[in-house]
Every structure is written in structure tokens, then in C-alpha cells.
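Student: Need coordinates for the following:
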Amino acid sequence: MTIAPHQKGTCPHCKTPNRFESVMNNKESAVSMQYLVNGSNDALSVLQMSRCTNCDEIVIFFKDKMIYPIGVIRDPCPKEVPPEIALDYKEACLVEHLSKKAAAALARRCLQNMLHQQNISKKNLSEEIDEAMKSLPTHLSKEIDGIRVIGNFAAHPIKSESTGEIVDVEEGETEWILNVLEGLFDFYYVAPERTKAKRNALNAKLQSAGKPNLK
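Tutor: The predicted structure follows:
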């Protein structure tokens with residue numbers, strides 16, 4: 001869905017829901033659309049531009065696909081996530097609007113590598129999801145199991161055994177995997193670091209008061 005001037009939408013730059021305006025050229029004239037002619041058949045393609053009224057950045061769509069900025073409207077990967085895990089996630093987000101299949105492959109690989117870091121390693125992703133569910137809170141357990149349901153691993157076993165391969169995806173599958181990854185990032189990396197920081201701060205106070213640290 002495009003973001004047209006004089007409409008409301010969520011800015012992919014600042015992630016803020018707001019109203020968009022036309023882009024102004026160097027002559028201070030409003031510009032919102034540019035028609036491009038296809039040389040082979042004289043067909044017209046539309047390049048649509050709009051400006052975020054919150055951050056003043058420009059958003060450009062070509063044939064209903066966002067070409068600037070590249071990527072999707074998602075929060076940045078938390079700094080606590082290891083670089084090798086974050087890289088696959090960031091690249092999946094980058095290509096999500098261009099290729100759902102490529103984004104899903106990167107997201108599945110990100111998920112499997114993250115589970116391997118948690119010492120969960122089985123012969124395929126489906127069995128690794130089973131193992132992960134045993135230690136996850138209920139809401140995350142249901143969400144990670146949904147990856148198999150939406151992806152229909154039973155009908156497409158390649159998805160459970162070769163996670164990095166490009167295969168067809170079901171409607172909403174890519175978005176679901178990326179959403180689950182965000183929840184797992186918080187559970188495996190962000191929350192433990194947050195708890196550790198709070199514990200260290202409390203221990204510092206205990207030490208200053210001459211009391212023993214927390215065990």
C-alpha cells in the first residue's frame with residue numbers, strides 16, 4: 001500500500017504515524033507523481049513521492065512498491081543481539097517488501113542459528129522448535145509453533161530441513177516469522193541483559209551499605 005500526499009500513514013524513516021504532504025521541488029512547486037514511459041510499449045509507470053510531516057524525509061513508491069527508503073517498517077534490531085544473528089534479521093527486513101521468499105529464508109536461518117546458540121540442535125528446524133517450546137513462556141511457545149503451522153512444514157519438508165533455501169511461502173508467513181524473532185530477541189538477549197544491569201545496580205548499593213551481594 002502506497003503512502004500518498006495528504007493521507008495518513010506510518011513513516012518508514014521515523015516510524016511515526018502522521019500525515020504526509022507533497023514533495024516541493026527547487027521552484028517551490030508541489031510534486032507528488034512522475035510518469036515514466038516504458039520505451040518498448042509506451043506504457044506509463046507512476047513514480048509517487050510524499051514527504052513525512054514529522055521528520056521531513058521523503059518516501060518514494062514505484063508501481064506500488066516502496067523503493068525509498070529500502071526496507072520495511074520495523075524497529076531496529078536490539079543492540080544485545082549477537083552480530084551474526086542480527087545480520088540475517090536485518091537483511092530479511094531489508095528485502096521483505098521485495099521478496100517474501102528470500103526474507104523468509106533469511107528469517108528461518110536466523111531463527112535456527114539463534115536456537116543453536118541456546119544449545120538447541122536437532123536434525124531439522126521443526127524438531128528444534130519442539131525443543132525450544134519446552135523452555136519458552138506460553139505466548140512465545142505458541143508463536144514459534146505457529147511458524148510450522150503457517151509454513152505448513154508437513155507439506156513442505158524442505159522448510160524444516162534446509163532453512164536457508166528459497167521456497168514458496170504462505171500468505172503472512174514471512175511477517176509472522178519476523179514478529180516471532182522480535183519476541184525471541186527480547187526473551188533470549190534483551191531481558192537477561194536488563195535483569196543483569198538491575199542486579200549489578202542493586203549489588204552496588206548493597207556493597208556501599210556494607211551488605212553482601214545477591215546470590
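Student: Tell me where this structure has strands.
Tutor: Assigned by DSSP state E, the strands in the chain fall at 8-10, 17-21, 23-24, 30-31, 33-37, 44-52, 58-62, 65-68.
Student: Number of residues surrounding Lys198?
Tutor: 10 (other C-beta atoms under 10 Å). No exception for glycine: its C-beta is placed from N, CA and C like everyone else's.
Student: Same check on the one 4 residues further on?
Tutor: Leu202 has 12 neighbours, counted by other C-beta under 10 Å.
Student: how about the nearest residue to it, chain neighbours excluded?
Tutor: The shortest distance from Leu202 to any non-neighbouring residue, by C-beta to C-beta, 6 or more residues apart in numbering, is to Leu214 (6.4 Å).
Student: just Gly9 next, same as before
Tutor: Once flanking residues are discounted, Gly9 sits nearest to Ile3: 4.0 Å by C-beta to C-beta, 6+ apart.
Student: Was I right to think the one you found contacts Val59?
Tutor: Yes: between Ile3 and Val59 there is a contact at 5.4 Å, judged by C-beta atoms under 8 Å.
Student: shared neighbours, the two?
Tutor: Cys11, Phe20, Ser50 (C-beta atoms under 8 Å, 6 or more residues apart in numbering).
Student: residues touching the closest residue to the first one other than its chain neighbours, list them.
Tutor: Pointing back at Cys11 there. Excluding its sequence neighbours, the residue lying closest to Cys11 (C-beta to C-beta, 6+ apart) is Cys52, at 4.2 Å. By C-beta under 8 Å, 6+ apart, Cys52 lies in contact with Cys11, His13, Cys14, Thr16, Asn18, Phe20, Ile58, Val59.
Student: separation between the third one and Ile70?
Tutor: Distance check for Cys14 against Ile70: by C-beta to C-beta, to the nearest Å, it reads 16 Å.
Student: got the contact list for the residue nearest to Leu202?
Tutor: Leu214 touches Arg199, Leu202, Asn203, Leu206, counting by C-beta under 8 Å, 6+ apart.
Student: hmm, back to that, tell me the bridge partners for the residue nearest to Cys11.
Tutor: Judged by DSSP bridges, the bridge partners of Cys52 are Phe20.
Student: Relative to Asn18, how far out is it?
Tutor: Applying C-beta to C-beta, the value for Cys52 to Asn18 is 6 Å.
Student: shared neighbours of the two, which are they?
Tutor: Shared contacts of Cys52 and Asn18 (C-beta under 8 Å, 6+ apart): Cys11.
Student: quick one, what contacts the closest residue to Thr2 other than its chain neighbours?
Tutor: Leaving aside its sequence neighbours, Thr2 sits nearest to Phe61 (C-beta to C-beta, 6+ apart; 4.4 Å). Going by C-beta under 8 Å, 6+ apart, Phe61 touches Thr2, Ile3, Leu47, Gln48, Met49, Ile67.
Student: these two touch, right, the first one and Met49?
Tutor: Read it as Thr2. No: look at Thr2 against Met49 with C-beta under 8 Å: they stay out of range, at 10.2 Å.
Student: how about stretch 96-103: buried residues?
Tutor: Glu96, His97, Lys100, Ala102, Ala103 (16 or more other C-beta atoms under 10 Å).
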